[in-house]
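Peer 1: Next comes the sequence, and after it the predicted model I'd like to discuss.
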Amino acid sequence: MQHLHIIGICGTAMAGLAAHAQESGWHVTGSDAAVYPPMSTFLAARNIPVADGYRAENLHPAPNLVLVGNAISRGNPELEYTLEHNIPFRSGAEWLFDHVLEGRHPIVITGTHGKTTTASLTAWLWECAGLQPGFLIGGIPSNFGVGARFPKQAWVVVEGDEYDTAFCDKRPKFLHYHPRTLILHNLEFDHADIYPDLEAIRRQFRLLLRIVPASGRILANADDPEITAIASQAYGPVMRYGLHGAPPFSARLEQADGRVWTLLVDGKARLRVEWQLLGHHNVMNGLAAAAAALSHGIDDAIVQRGLATFAGVARRLQLRYISGGVAVYDDFAHHPTAITTTLQGLRAAVGKQRVWAVLEPRSNTMRTRVHQEKLPAALNIADHVILARPALRGLTPDTLLDVEAVVDRLNEFSPDKAVVVDDAGQAVKYLAKSVRSGDHVVIMSNGGFDNIHHRLQEMLANLG
């Protein structure tokens, strides 16, 4: 049994690769500096040892191969030891292609928003069809309970991240995946820490199209002008889907909150969907996955049943608990568009009940002023907003998100609508004196936010 060590193992993708490697016979170890659920519990359940902190001793005895997470940079003690002692190393994306994807049929889902949910839906539809797909998804689909599984047949569903690959490979991860079926879901500017502008991201998507064979399958969001322009440069036929216009695959909303909709093919009703998910954005996610399934010949009844039984994804407007009559949700949103669609979906479902948005700007882009002007309108959908002060972490005060300016703008929409807090503790204290039965609290962070969900649950229990 060969030994694989993963530096930065608690990243969602790297934890998934750890599971893939273990299933295919490797002895896997890893290390990280930020260990928290759900990835820490995911790895613990598989008895994969995780060292807390980076130290050269973690590579004693020397592993046969080291995978380097894309958050790891020069100066990391384990990376320096790996280079100094000539231990073979790869990026996670390289390893995934070499050991899982090559010779199989990768279904790759790309886009700024909705990748995780769409990939989870796609994997579940293939599972319902008995095709036993492998998958690597940047979240935990509730139907599977894991974000990664080694394939038993030819199909592998992969969330196609446009973020760079590793310290020594600045290409997007998705360029390593060689899709045979590609979903182009949407495109906006993001990842300001590695891309100077939207054109730089467009260029990567155009490069991705170059490696899809002419016999491959490309599905493109007809509602997104950026995707429409990029898809026009494909080397093979493109199938389109959308809520507007008349693409071959479209959807008609039967309820405003998106819980009931009809899938149409060439303008004719094909199947009716009643499911658990909220929001127009999730209808688009479901439509993309269903279009892929139908185009590959999966039966209508299987697609309908798969959508109806899809149980969602952890941290995507996930209802964590109801305590004292207050519903608390967990959401990964870290872009104004994702914040908007998430809050719109919840608003459509709860009507005039009060919605609280508690946002920790944590990603490299959200901590900057890139989305400064868009944030107030996105957050204004909520009745009340608590905005945490972001960590400086490598930024200068004049490039850091101006949270006071965001809150001032929100309070122009409605007096006393929004406040700034320094940390999760202050947010919980503010909620303790402000929430009431019937409220909905959405915690938005792409990290653990200092265990805020548990702390808030304890506070609400004490209030009761």
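Peer 2: Nice, thanks for sending it over. Residues are numbered from 1 along each chain as shown.
Peer 1: So Ala123 is in contact with Pro133, correct?
Peer 2: Yes. Ala123 sits in contact with Pro133 when judged by CB atoms under 8 Å, with a separation of 5.4 Å. The C-beta positions use only the backbone N, C-alpha and C, and glycine is treated the same way.
Peer 1: buried set for stretch 270-290?
Peer 2: Across stretch 270-290, burial judged by 16 or more other CB atoms under 10 Å covers 270-271, 273, 275, 277-290.
Peer 1: can I get the CA coordinates of the lowest-mean-pLDDT helix or strand in the chain in PDB?
Peer 2: The helix or strand of the chain with the poorest confidence is helix 39-44; it has a mean of 87 (mean pLDDT, DSSP states H and E). Taking C-alpha atoms only, helix 39-44 is exported to PDB below (Å, rounded to 0.1, in the frame of the first residue of the first chain):
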ATOM      1  CA  MET A  39     -14.600  18.200   6.300                       C
ATOM      2  CA  SER A  40     -13.000  17.300   9.600                       C
ATOM      3  CA  THR A  41     -15.800  14.900  10.500                       C
ATOM      4  CA  PHE A  42     -15.800  13.600   6.900                       C
ATOM      5  CA  LEU A  43     -12.100  12.600   7.200                       C
ATOM      6  CA  ALA A  44     -12.500  11.300  10.800                       C
END
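Peer 1: now what about that helix, what contacts it?
Peer 2: 9-12, 15, 18-19, 30, 50, 140, 146-147 (CB atoms under 8 Å, 6 or more residues apart in numbering).
Peer 1: Try it again at 10 Å.
Peer 2: 6, 9-16, 18-19, 22, 28, 30, 32, 34-35, 37, 48-50, 52, 140, 145-148, 448 (CB atoms under 10 Å, 6 or more residues apart in numbering).
Peer 1: Which SSE is immediately downstream of it?
Peer 2: Later in the chain than helix 39-44, the nearest helix or strand by DSSP states H and E is strand 50-52.
Peer 1: got the contact list for the closest residue to His185 other than its chain neighbours?
Peer 2: The shortest distance from His185 to any residue other than its chain neighbours is 3.0 Å, reached at Gly111 (CB to CB, 6 or more residues apart in numbering). By CB under 10 Å, 6+ apart, the contact list for Gly111 reads 118, 159-160, 162, 183-188, 205, 221, 224, 226-227, 284-285, 288.
Peer 1: Narrow those to those in helices?
Peer 2: Those of the contacts of Gly111 mapping onto helices are 118, 205, 226-227, 284-285, 288, per DSSP state H.
Peer 1: Point to the residue nearest the middle of the chain.
Peer 2: Centroid-nearest residue in the chain: Thr116, 4.4 Å away (criterion: CA atoms, centre = their mean).
Peer 1: Which helix or which strand is home to that residue?
Peer 2: For Thr116, the host element (DSSP H and E) is helix 115-128.
Peer 1: partners of the following helix or strand past that helix in the sheet?
Peer 2: Later in the chain than helix 115-128, the nearest helix or strand by DSSP H and E is strand 134-136. In the sheet, strand 134-136 lines up against strand 148-149 (antiparallel), strand 155-160 (parallel) (DSSP bridges).
Peer 1: For Ile9, see how far away Met39 is.
Peer 2: Distance, Met39 to Ile9, by CB to CB, to the nearest Å: 8 Å.
Peer 1: Now for those two: what residues contact both?
Peer 2: With CB under 10 Å, 6+ apart as the test, Met39 and Ile9 both reach 15, 18, 32, 50.
Peer 1: How about the secondary structure of the second one?
Peer 2: This points to Ala18. Using DSSP: H, G, I helix; E, B strand; the rest coil, the structure places Ala18 in helix.
Peer 1: residue contacts, it?
Peer 2: In this structure, Ala18 makes contact with 4-6, 9-10, 26, 28-30, 39, 42-43, 46, 48, 50, 67, 92, 148, judged by CB under 10 Å, 6+ apart.
Peer 1: What distance do you get for the residue of the chain positioned farthest from its centre to Ser73?
Peer 2: Within the chain, the residue lying farthest from the chain centre (CA atoms, centre = their mean) is His85, at 35.4 Å. Distance of His85 to Ser73, given as CB to CB: 19 Å.
Peer 1: Repeat that for Thr365.
Peer 2: Noted for Thr365: a distance of 18 Å to Ser73, by CB to CB.
Peer 1: So the two - more neighbours on which side?
Peer 2: Thr365 (19 against 11; other CB atoms under 10 Å).
Peer 1: What distance do you get for the nearest residue to that one once chain neighbours are set aside to Asp161?
Peer 2: Of all residues not flanking Thr365 in the chain, Ala192 sits nearest, at 4.5 Å (CB to CB, 6+ apart). Look at Ala192 and Asp161: by CB to CB, they are 16 Å apart.
Peer 1: quick one: which of the two has more around it?
Peer 2: Ranked by neighbour count (other CB under 10 Å), Ala192 and Asp161 place Asp161 first, with 22 against 18.
Peer 1: Phe174 is in contact with that one, correct?
Peer 2: Yes. Using CB atoms under 10 Å, Asp161 is in contact with Phe174, at 6.2 Å.
Peer 1: list residues touching both of those two?
Peer 2: Common neighbours of Asp161 and Phe174 (CB under 10 Å, 6+ apart) are 93, 108-110, 115.
Peer 1: Can you flag which of the residues you listed belong to helices?
Peer 2: Counted as lying in helices by DSSP H, out of the shared contacts of Asp161 and Phe174, are 93, 115.
Peer 1: re earlier: wait, the residue nearest to the centre of the chain sits on Phe332?
Peer 2: Yes. Using CB under 10 Å, Thr116 is in contact with Phe332, at 7.6 Å.
Peer 1: so what sits against both of the two?
Peer 2: 12, 138-139, 313-316.
Peer 1: Just the ones of the residues you listed in strands?
Peer 2: Using DSSP state E, no member of the shared contacts of Thr116 and Phe332 falls in strands.
Peer 1: Now render those as TSV, adding neighbour count.
Peer 2: Formatted as TSV, the shared contacts of Thr116 and Phe332 follow (neighbours: other CB atoms under 10 Å):
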residue	neighbour count
Thr12	23
Gly138	22
Gly139	22
Val313	26
Ala314	18
Arg315	22
Arg316	24
